[in-house]
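J.: predicted model and sequence below, questions to follow.
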Amino acid sequence: MSDLKIYNSYSRQKEVFTPITPGHVGMYVCGPTVSGESHLGHSRPYITFDVVYRYLTYLGYKVRYVRNITDAGHFEEEGREAEDKISKKALLERLEPMELVQKYTNLFHWAMDRFNTIPPSIEPTATGHIVEQIEMIRKLISEGYAYEVNGSVYFDVKKYAANYDYGKLSGRIMDDLLETTRELEGQSEKRDLADFALWKNAAPEHIMRWPSPWGVGFPGWHIECSAMATKYLGPQFDIHGGGMDLLFPHHESEIAQSTICNHQNPVRYWIHNNMITINGRKMGKSYNNQIMLTQMFSGDHPLLEKAYHPMVIRFFVLQTHYRSTLDFGNEALQASEKGLKRLWEAYEKLGVIGTPAGQAGSDLGAGAPDIELDKKVRRLIRELSEFMNDDFSTAKVMANLFELVPVINGIKDKVIPVSAISAETLDLMKISFRVWLEDILGLKGISDADNQLLQGVMDLLVEIRKEAKGKKDFATSDKIRNQLTQLGILLKDEKDGGMSWGLA
RNA sequence: GGUCCUGUGGCCGAGUGGCUAGGCAGAGCUCUGCAAAAGCUCGUACAGCGGUUCGAAUCCGCUCGGGACCUCCA
């Protein structure tokens, strides 16, 4: 169906993508833990996999995209009581646990919408799949790979490692794991330090709790993904994505659980995105260096020089390869902002080239065809697919789109005659920009000027200014432009006598 | 300590051994009533030291620096 190559974290090499069921793709991506507000770091996986989803769809695959909401809260915070993060905070904020979870889920959805990410096909919650998780744990016990102690159930990693390749995904060596695993609460009841919890007995103060065959408790962190992925995508599916920080232990454990339960390796292609760093360090709770998305959008954070539009962040993320780290910085963000504006304006100009509105039509025939230019344009467009097929190289895709910008501006400003490129090439450019910019990269313009009323008022002002300019009444024309500038509206004179405007 | 990744011009970043990625900032020029925008031109960067090679940012070794995971984590 395509020549798409994906870097598979499991094999550590690029592999040609071949779906299990021809024409269909099952993709699971680890979603957010909604015990708190999403920060800038969270934008990376969801934007990355949104583009993966969009591209697979563009290639013609019918994709079932499953992304979970972790709302059951996790535990085992070192040194503390086995207290659920969510329930603890709930007490502080005097909210019901589910009320809190709902609040952050809504906030997450709001941010994802602003990023223009397409909602997943299914967005299952951990709390909504307690039954499935319990069922899976039962199965693991009956298979002999899990054991119960004091109302908790653990996965027997040592036994699994003896028969399967535990640690392959994360490059871990079993012997090292046994030595380097830290002392954690509840460790004593495990048979081995490397074992992980499938079900935890809930202490009395623990608010989130469900009855189970082993008593009242709550599910372990890794089991939800295995249970929900199996339920909606089957015992083996095509793509599993998530942040690199989830490689171990989360994804390694998922493989172990699912393999025992379903008797096959659950995932064909593992895709992991790299981290967003700030001053070279990963953004994360433990580092206390996070900038929340609400703060990014509002500019309300000491590290932010200004507010950044969600599309600027999306652009920023896509300008680098998903497997590289991306370093946060005001200068870099502002570069993205200007870059996006330039690209988007060129895209809008492209839309009217060759039409009566954009070109007078009189000088359309002027100038000889520029074979070289035509070839260059076609090459740049052809390469877009090649780059994307090479493990989603969005950075290169954008570089090529930028190389087309001077061509578009040149034609618009009549530095390059329209006739330099063939009508077919012009059409190809128009279609390509729409498909790549909007459909695949999922970008949108930043300007909020889609207001009918404002549009009408601006048309009027532009009209008056044109008249003033015609009479060489520069006092009036400058007044209009300067006053608008103060209001945050940039008015620009075009080469062809027209005027364009946009919000600064 | 173990495993792994990484070090590119002012900033962010592509880079498959030989063919100036790209964006932003900066400089000059053109266009323009002025401005903005736009167009053209410019910086010869690859942590350091060795090695392999006709040729290395790209492969190997060492040194120095940064980071990730091993604990919740996108």
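T.: That came through, no problem. Please read all numbers here as calculations on a predicted model, not as lab measurements.

J.: what are the ranges of the strands in the stretch 1-150 of chain A?
T.: A:5-8, A:13-16, A:24-29, A:62-67, A:146-149 (DSSP state E, counting those that start in this stretch).

J.: paired strands for the last one, with orientation please.
T.: The strands beside strand A:146-149 in its sheet (DSSP bridges) come out as strand A:152-155 (antiparallel).

J.: quick one on the thing from earlier: of the strands of the stretch 1-150 of chain A, which is nearest residue A:459?
T.: Closest approach to residue A:459 among those (Cβ to Cβ): strand A:62-67, 42.0 Å. All C-beta spots, glycine's among them, are computed from the backbone N, C-alpha and C.

J.: pLDDT of that closest one, averaged?
T.: Across strand A:62-67, pLDDT averages out at 98.

J.: need the residues that contact stretch A:108-121.
T.: A:29, A:32, A:34, A:38, A:42-43, A:46-47, A:50, A:53-54, A:63-67, A:69, A:293-294, A:297, A:310-311, A:313-314, A:442-444 (Cβ atoms under 8 Å, 6 or more residues apart in numbering).

J.: tell me who's in contact with the closest residue to RNA strand B within chain A.
T.: Closest residue of chain A to RNA strand B, Cβ to the nearest atom of the strand: residue A:243 (1.8 Å). Contacts for residue A:243 (Cβ under 8 Å, 6+ apart) come out as A:30, A:44, A:45, A:272, A:273, A:275.

J.: gap between the helix or strand harbouring residue A:431 and the chain center?
T.: According to DSSP states H and E, residue A:431 maps onto helix A:423-433. Here helix A:423-433 is found 28 Å from its chain centre; the criterion is Cα atoms, centre = their mean, to the nearest Å.

J.: mind giving me the packing neighbours of it?
T.: helix A:330-352, helix A:371-389, helix A:394-412 (3 or more Cβ pairs under 8 Å, 6 or more residues apart in numbering; DSSP states H and E).

J.: next, the angle helix A:330-352 makes with it.
T.: 140 degrees (axes from the mean of the first three to the mean of the last three Cα atoms, to 10 degrees).

J.: near RNA strand B at all, the strand or helix carrying residue A:272?
T.: Residue A:272 is located in strand A:267-273, with elements delineated by DSSP H and E. Yes - applying Cβ under 7 Å from any atom of the strand, one finds that strand A:267-273 is in contact with RNA strand B at residue A:273.

J.: in that strand, which residues are buried?
T.: Of all the residues in strand A:267-273, those buried under the rule 16 or more other Cβ atoms under 10 Å are A:267, A:268, A:269, A:270, A:271, A:272, A:273.

J.: likewise for stretch A:188-198?
T.: For stretch A:188-198, by 16+ other Cβ under 10 Å, it's A:190, A:193, A:194, A:195, A:196, A:197, A:198.

J.: show me what contacts the fifth one?
T.: So the one you mean is residue A:196. Contacts here follow Cβ under 8 Å, 6+ apart; on that basis residue A:196 touches A:154, A:155, A:157, A:220, A:222, A:249, A:253.

J.: tell me, what's the model's pLDDT at the fifth one?
T.: Right, the one you point to is residue A:222. We have a pLDDT of 95 for residue A:222.

J.: was I right about it contacting residue A:248?
T.: No - at 10.9 Å, residue A:222 does not count as touching residue A:248 under the criterion of Cβ atoms under 8 Å.

J.: which of those two has more residues huddled nearby?
T.: residue A:222 (24 against 15; other Cβ atoms under 10 Å).

J.: give me phi/psi at the more buried one?
T.: Phi and psi for residue A:222, reported as degrees, to the nearest 10, are phi -80, psi -20.

J.: tell me the contacts of it?
T.: Residue A:222 neighbours (Cβ under 8 Å, 6+ apart): A:196, A:198, A:249, A:250, A:253, A:254, A:257.

J.: try it again with 6 Å
T.: Applying Cβ atoms under 6 Å, 6 or more residues apart in numbering, we find residue A:222 in contact with A:250, A:253, A:254.

J.: state the pLDDT value of residue A:172.
T.: At residue A:172, the model reports a pLDDT of 86.

J.: just give the nearest non-adjacent residue to it, would you?
T.: Nearest residue to residue A:172, sequence neighbours excluded (Cβ to Cβ, 6 or more residues apart in numbering): residue A:248, at 6.0 Å.

J.: check what pLDDT that neighbour gets.
T.: 93.

J.: much appreciated, bye for now.
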